[in-house]
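K.L.:
task: produce atomic coordinates for the following.
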Amino acid sequence: MVIHSARPQAARTTQNNPLKTNGPKNPDPSKIKTYDEKNILKKEKDQLLETLHTKMIGSIAADSNAEMNRVNAELYPDGSRKVCP
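P.N.:
Residues are numbered from 1 along each chain as shown. Here you go, the predicted model:
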């Protein structure tokens, strides 16, 4: 028996057809383990890159400050101007 509703059905579907799914009902445990390991490695890689970027930015800032202090020392030999710590 088919019960008709007031709402129209989506294109190419009927109320008599069950939902069809693609893929295995019981996934392979080795594939799940591989997927989990890949996600763990990706997170570790992202953390390492973030740490590396932070260190690089700090190094660039320190180099820039040192160069500015050197330039200021040449421009103001009496030490009247110092902008970078």
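K.L.:
only C-alpha atoms from now on, for both contacts and neighbour counts.
P.N.:
OK.
K.L.:
quick one: the helices in this protein, in order.
P.N.:
For the chain, the helices defined by DSSP state H occupy 29-75.
K.L.:
just the pLDDT for Arg81.
P.N.:
The model reports Arg81 with a pLDDT of 71.
K.L.:
for it, which non-adjacent residue is closest in space?
P.N.:
Spatial nearest neighbour of Arg81, excluding adjacent residues (C-alpha to C-alpha, 6 or more residues apart in numbering): Asn72 at 6.8 Å.
K.L.:
ok, that neighbour touching Asp78?
P.N.:
No - using C-alpha atoms under 8 Å, Asn72 is not in contact with Asp78, being 10.0 Å away.
K.L.:
compare those two (neighbour count), which wins?
P.N.:
Asn72 (18 against 9; other C-alpha atoms under 10 Å).
K.L.:
ok, the more buried one to Tyr35 distance?
P.N.:
55 Å (C-alpha to C-alpha, to the nearest Å).
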